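A.B. asks: My questions are about this predicted structure, shown below with the sequence.
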Amino acid sequence: MLKTLLAGTVVLSLAAAPAFAGQQPTTDKTPTAKAGGASDTLFVKNAAKGGLAEVELGRLAADHGASDEVKKFGQRMVTDHGKANDELKSLAQQKNITLPTEIDATNKALHDRLSKLSGAAFDRAYMQHMLTDHRKDVNEFKRESTTGKDPDVKTWASKTLPTLEDHLKLAEDTTKAVGTSGAAARTGHKGTGGVKK
């Protein structure tokens, strides 16, 4: 009798399993259906974090830069990323996405490290970071503009991408300029011309 009761319980459990299994994916489908939304949300948050850092580091470059090229580049970062940040805030409010309001610990540490440098050493370190960072940004914005699920986020990424591509080209040109002019600082020679003969 006990065996029959156990067998019946097992059969009922197995029969009920598909019903629960059918219900379980329904609740799981909600997050899965929003997986594209989650990746879009992550993109928005990362773009905001990066944008805040670009503005803060740009201000630092405009103040600490030794060369006019680096100062101008820094000011351009403040202007362009400031505008993009404002647009992103508006988009995030529409999507109920909470954005960071200050730079994260990694970028704060970078800001602190750069603020201790001066002259050609600052220019080279800042521009090297800008070059690396804008390569990464361009790739992320390209990916979002083609594979993003949220049409509004995708449109914003597509609209912002050309500006980032301009920044990357400008970063390449400026890095070459400060890399050449900073050769003397790398070798430890200090002088007005900075050129070893």
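C.D. replies: Cool, got the structure.

A.B. asks: buried ones in stretch 158-177?
C.D. replies: Buried residues in stretch 158-177, defined by neighbour count with 16 or more other C-beta atoms under 10 Å: T160, L161, L164, H167, L168, L170, A171, T174, T175, A177. In short, each C-beta sits where N, CA and C put it, glycine included.

A.B. asks: Excluding chain neighbours, what is closest to the first one?
C.D. replies: Once flanking residues are discounted, T160 sits nearest to A84: 5.5 Å by C-beta to C-beta, 6 or more residues apart in numbering.

A.B. asks: and that neighbour, how many neighbours does it have?
C.D. replies: 21 (other C-beta atoms under 10 Å).

A.B. asks: thinking again about what came up before, need the max-distance pair from the buried residues of stretch 158-177.
C.D. replies: Farthest-apart pair in the buried residues of stretch 158-177 is T160 and A177; separation 25.5 Å (C-beta to C-beta).

A.B. asks: What average pLDDT does the helix or strand harbouring L60 get?
C.D. replies: Using DSSP states H and E, L60 sits in helix 35-64. Helix 35-64 carries an average pLDDT of 91.

A.B. asks: for stretch 120-130, same thing?
C.D. replies: Taken as a whole, stretch 120-130 has a mean pLDDT of 95.
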